[in-house]
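A.B. asks: sequence and predicted structure below; questions after.
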Amino acid sequence: MAPVKMNDPRTTRVADLQPGQYADGSALHDIQYLECKLILKTDEFTSPAGFRKYGKLVARAAKDCGVGFDAAAAKGTRPAVREVQFLDTEDFRLYNNAFILRRRVRFEDGFAAEEPEIVFKFRHPDQQQAAEVDVRPNLPADYRVKFKAEALPLKDRVGGYRLLYSHNVQFPLSHAPRDGDRMAMERLAEIFPAMKVLQRSKGERISLVNQTIVEEVLQDLGTLDFGKGVTADANVALWRTRGEHLPLVGEFAFQVKFKRREDVHDKARERVAKFFIRLQQIGGEWIYLGATKTGMVYRLNGNPPQSHE
């Protein structure tokens, strides 16, 4: 991707979806989130001071780009801790076909602060293909669909971005059926019909990817204000293995939510892109190119799977 021309905000637009519908006749989901992510090396994240150090880079990039940054609400806060598990077949069939199944729970003072959350997603560089996969579960209880455009740096250099499209559904574990074997592919395909194309034979099961539980240490940094009513909370995180505390990867992220694409003003869109690229430029030594957090977990034991990331 060529460098973004900041005097042309149209270069930051995501193309419109082609009309379509799911099997039940409902319209394709459209993007309502833009999440910008920088995957980071872990060298500096040995204590909360590393988070604060990166926060200063964020403040500097915001100032350089005329973006508001209010760190008052995050000042003095402690890092939050979440436990993350990825589930897949032995041959990583979900991930190799652009699906991700994740379980996550937040902890406070050493104890679970809420019930686990289940996230099922299809993530792909083709927006139309991502939209056309119906991730909705077969559940009587409530669930939430989130369709995101995810901006990441280019794979080979800083100073630009590439897009992945993440079509997610999430719900608390208590909303999942209690009957049957939740780890059986056959049962999962009943809960997530989109997974039916992945099942090859009876008796197949999923398990913890690389037998690894991830501990995420997440620090809020503050709120970015891109103008025209577009704001985003920013945070930085460290992923490490639970038990061994082996550092895996860090991440800086912020997310913008909107009801309709046309609600996001061109000036705000331009500032988002300008800030995202400027932060890469002044903090290039922090950035881990060509990686995602999920990909790092899948690659722990070598022989990386073939993903669409």
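C.D. replies: Arrived safely. Since we're looking at a predicted model, the values are computed, not measured.

A.B. asks: the helices in the stretch 151-300 of the chain, which residues?
C.D. replies: All helices of the stretch 151-300 of the chain, identified by DSSP state H, counting those that start in this stretch, fall at 185-191, 266-282, 293-298.

A.B. asks: which among the ones you listed is found nearest to residue 18?
C.D. replies: Nearest to residue 18, of all these, is helix 266-282, at 21.6 Å by Cβ to Cβ. Placement of C-beta: from N, CA and C, glycine included.

A.B. asks: could you list the buried residues of the closest one?
C.D. replies: 268-280 (16 or more other Cβ atoms under 10 Å).

A.B. asks: kindly reformat those as CSV containing distance to residue 106 and pLDDT.
C.D. replies: Output for the buried residues of helix 266-282, formatted as CSV (distance: Cβ to Cβ, whole Å; pLDDT from 0 to 100):
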residue, distance to residue 106, pLDDT
268, 30, 91
269, 31, 92
270, 35, 95
271, 31, 96
272, 27, 96
273, 31, 96
274, 33, 97
275, 28, 98
276, 27, 98
277, 32, 97
278, 31, 98
279, 26, 98
280, 29, 98
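
A.B. asks: going by distance to residue 143, which of these wins?
C.D. replies: Nearest to residue 143 out of these is residue 272 (Cβ to Cβ; 28.5 Å).

A.B. asks: same question for residue 51, what's its three-state structure.
C.D. replies: Secondary structure, DSSP: H, G, I helix; E, B strand; the rest coil: residue 51 is helix.

A.B. asks: once you drop chain neighbours, what's closest to it?
C.D. replies: residue 219 (4.0 Å; Cβ to Cβ, 6 or more residues apart in numbering).

A.B. asks: so the one you found bridges to which residues?
C.D. replies: residue 236 (DSSP bridges).

A.B. asks: next, count neighbours for it.
C.D. replies: 21 (other Cβ atoms under 10 Å).
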